[in-house]
Structure formats: structure tokens, C-alpha cells
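>>> Show me how the following folds:
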Amino acid sequence: MDKKLYRSSTNAMLGGVCGGLGEYLGIEPTLVRLLFVLLALSSGAGVLLYLAMWVIVPLEGSTTGTTWQQTLRQGTQEMADKARALGEELRKTTHNQSPSQASLVVGGLLVALGVVFLLQNLNLPGLWWFNMGMLWPLLLVVGGIALLLRRSKEK
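Numbering: from 1, shown residues only. Okay, here's the model as predicted:
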């Protein structure tokens, strides 16, 4: 059987790249997503590779006679549409919140980052363990747990 690589239209979180790769390789798309995240965090290559595949790889169910130029045009148009939709959703979300609440969140994040950078530059003897290499993974874990807990409370 001749398998072709397509972006998944049913198992898509953003552009369907990981879902399509998972189906093509016969593995769980979540593992492919995890690989892309690890590549993105380690070298940034995961983001570039994902975006390139989003543009180059045709969407599942698209006509087989399309040229590569049409595939590129469709991929970039789809990416632009998705970016517009995400921007609109972000705008609606921030407009629904009171300005004081949004200012409080942004201000708190700025203060927290300032404290982190200040502590890192002070080189205090008791904070030898504190560095940005340890902080970012810790923030990702805490953020992931918070999202999972929030999601489970919504259901």
C-alpha cells in the first residue's frame, strides 16, 4: 500500500502536522507532539520544522493533482487564517476581563521576572542552585500542571 504524508484534518491541535505524522508513522500523535516540543525547547528547531511542514505538507483530503505551489499557497493561507483567529480570540478574552485584572496579571509577571533576574545576578551564596536553566523547566511543569488542573475542573 502506498502511504502518503498528509496533515491530519481530524487529529489536529494547530495545523495537523503531528497528527498526520503520527498516522503516517503508525505511532501516537501525542508522542510526535512531545518530540516537537522538546525540539522547540532545546534548539528552537521544532518550531521551524513544524511551520515548514505546515506549509509544505498538504492537508488530508486535498486534491491529489495540486502542484507544490498550490500546496504552499494553501498552507500559508491556512496558517494566516489560524493566526487571525487566535488573535481575535485573544482580543476577545482580554476585552472580557476587567483592565485592572489584566494589569494585575501582567504586573505580577513582570515583578516575578524582575526578582528572578535580580536574584540570579546577585550571586548570593545560599542561591547557588538557582539558575535560569532550572527555572524554565520548573515553570513549564508548574504551568502544565495548572492547565491540567484547570481543564479537569472545567469538565
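
>>> How many residues are close by residue 138?
Using other C-beta atoms under 10 Å, residue 138 is surrounded by 9 other residues. Every residue, glycine included, has its C-beta placed from N, CA and C.

>>> Sorry, wrong one. I was asking about residue 2.
Residues within reach of residue 2, counting by other C-beta under 10 Å, total 3.

>>> again, but for the one 3 residues further on
Burial of residue 5, expressed as a neighbour count using other C-beta under 10 Å, amounts to 15.

>>> Surely it and residue 19 touch.
No - counting by C-beta atoms under 8 Å, residue 5 does not reach residue 19; the two are 11.4 Å apart.

>>> centre of the chain versus the helix or strand where residue 48 lies, how much separation?
Taking DSSP states H and E as the criterion, residue 48 maps to helix 45-56. Helix 45-56 sits 12 Å away from the centroid of its parent chain (C-alpha atoms, centre = their mean, to the nearest Å).

>>> Would you mark the buried spots in it?
Buried residues in helix 45-56, defined by neighbour count with 16 or more other C-beta atoms under 10 Å: 46, 50, 51, 53, 54, 55.

>>> Let me see the domain layout of the chain.
Segmentation of the chain into domains, based on automatic domain parsing, reads 17-91, 98-154.

>>> Looking at these, which one is packed in the most?
Of these, the one with the most neighbours on average (mean count of other C-beta atoms under 10 Å) is domain 17-91, at a mean of 14.

>>> Let's check: the centremost residue of this protein is which one?
In the chain, the residue lying closest to the centroid (C-alpha atoms, centre = their mean) is residue 37, at 7.4 Å.

>>> about what we covered before: got CSV for the domains of the chain, with mean pLDDT and distance to residue 11 too?
What follows is these, written out as CSV (pLDDT from 0 to 100; distance: least, C-beta to C-beta, whole Å):
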stretch, mean pLDDT, distance to residue 11
domain 17-91, 85, 3
domain 98-154, 71, 18
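
>>> now those domains in CSV, with distance to residue 9?
Converted to CSV, the domains of the chain look like this (distance: least, C-beta to C-beta, whole Å):
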stretch, distance to residue 9
domain 17-91, 5
domain 98-154, 23
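
>>> Contact partners for residue 56?
For residue 56, the contacting residues are 68, 71, 72, 75, by C-beta atoms under 8 Å, 6 or more residues apart in numbering.

>>> What of residue 24?
The contact partners of residue 24, taken as C-beta under 8 Å, 6+ apart, are 3, 4, 5, 6.

>>> The protein: helices as residue ranges?
Taking DSSP state H as the criterion, the chain carries its helices at 17-25, 29-42, 45-56, 68-96, 99-122, 132-154.
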